[in-house]
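Trainee: Kindly generate the corresponding structure for this input.
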Amino acid sequence: MPDESRRIERIFSRSGLRGNLGMWAHLNVDTSGTTAGGWLVNTWSQGGAPYWQPRFHWFERQNNKIYRALLNIGTHGGNVNMVGEATDIEPEREAFIRENIAKWEEEWLAQGGKRL
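Mentor: Numbering: from 1, shown residues only. Below you'll find the predicted structure:
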């Protein structure tokens, strides 16, 4: 599981819809430079099957795994906690996440890997 104590910096963001499926994602780098970072993603469906409740995940670039993520937002900022590998993720949701991330990483690289 990713090290929860590390500091990350958002460098690229995307969102989109495909039919009734939605997703936004932020590409993050590890500010220590020790890992490749990853994507914080939120996926959902609206108005039809599959009936997905909004759910946050972390897609770890270093090991190509998807983790469940919990957002903790308070008056002094927030953080993301990983709560284990998402072994119970719906196969369609996992495929949707991987497909969009692959497309959005290509876009980011085509733009020269520029930061926000």
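Trainee: Now do the helices in this protein.
Mentor: 91-110 (DSSP state H).
Trainee: Poorly predicted segments of this structure, please.
Mentor: 1-6, 33-36, 75-78, 116 (pLDDT under 70).
Trainee: Would you map the strands across it?
Mentor: 8-18, 21-30, 38-45, 55-60, 65-74, 77-85 (DSSP state E).
Trainee: May I see the ones you listed organised as a markdown table, with distance to Arg98 added?
Mentor: (Glycine included, C-beta is placed from N, CA and C.) Formatted as a markdown table, the strands of the chain follow (distance: least, C-beta to C-beta, whole Å):
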| stretch | distance to Arg98 |
| --- | --- |
| strand 8-18 | 13 |
| strand 21-30 | 11 |
| strand 38-45 | 10 |
| strand 55-60 | 8 |
| strand 65-74 | 8 |
| strand 77-85 | 14 |
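Trainee: Trp104 is nearest to which of those strands?
Mentor: Each of those was scored for nearness to Trp104 using C-beta to C-beta, and the closest is strand 8-18 (4.4 Å).
Trainee: Show me the one of the strands of the chain that comes nearest Ala110.
Mentor: strand 8-18 (11.6 Å).
Trainee: by how many degrees do the closest one and strand 77-85 diverge?
Mentor: Angle between the axes of strand 8-18 and strand 77-85 is 70 degrees (criterion: axes from the mean of the first three to the mean of the last three C-alpha atoms, to 10 degrees).
Trainee: Please renumber the chain so that the first residue is 6 from this point on.
Mentor: Okay, residue one is now 6; in that scheme the one you just asked about reads as strand 13-23.
Trainee: re the thing from before, using JSON lines, lay out the strands of the chain together with mean neighbour count and distance to Gly118.
Mentor: Formatted as JSON lines, the strands of the chain follow (neighbours: other C-beta atoms under 10 Å; distance: least, C-beta to C-beta, whole Å):
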{"stretch": "strand 13-23", "mean neighbour count": "15", "distance to Gly118": "8"}
{"stretch": "strand 26-35", "mean neighbour count": "19", "distance to Gly118": "10"}
{"stretch": "strand 43-50", "mean neighbour count": "21", "distance to Gly118": "15"}
{"stretch": "strand 60-65", "mean neighbour count": "20", "distance to Gly118": "17"}
{"stretch": "strand 70-79", "mean neighbour count": "14", "distance to Gly118": "23"}
{"stretch": "strand 82-90", "mean neighbour count": "12", "distance to Gly118": "23"}
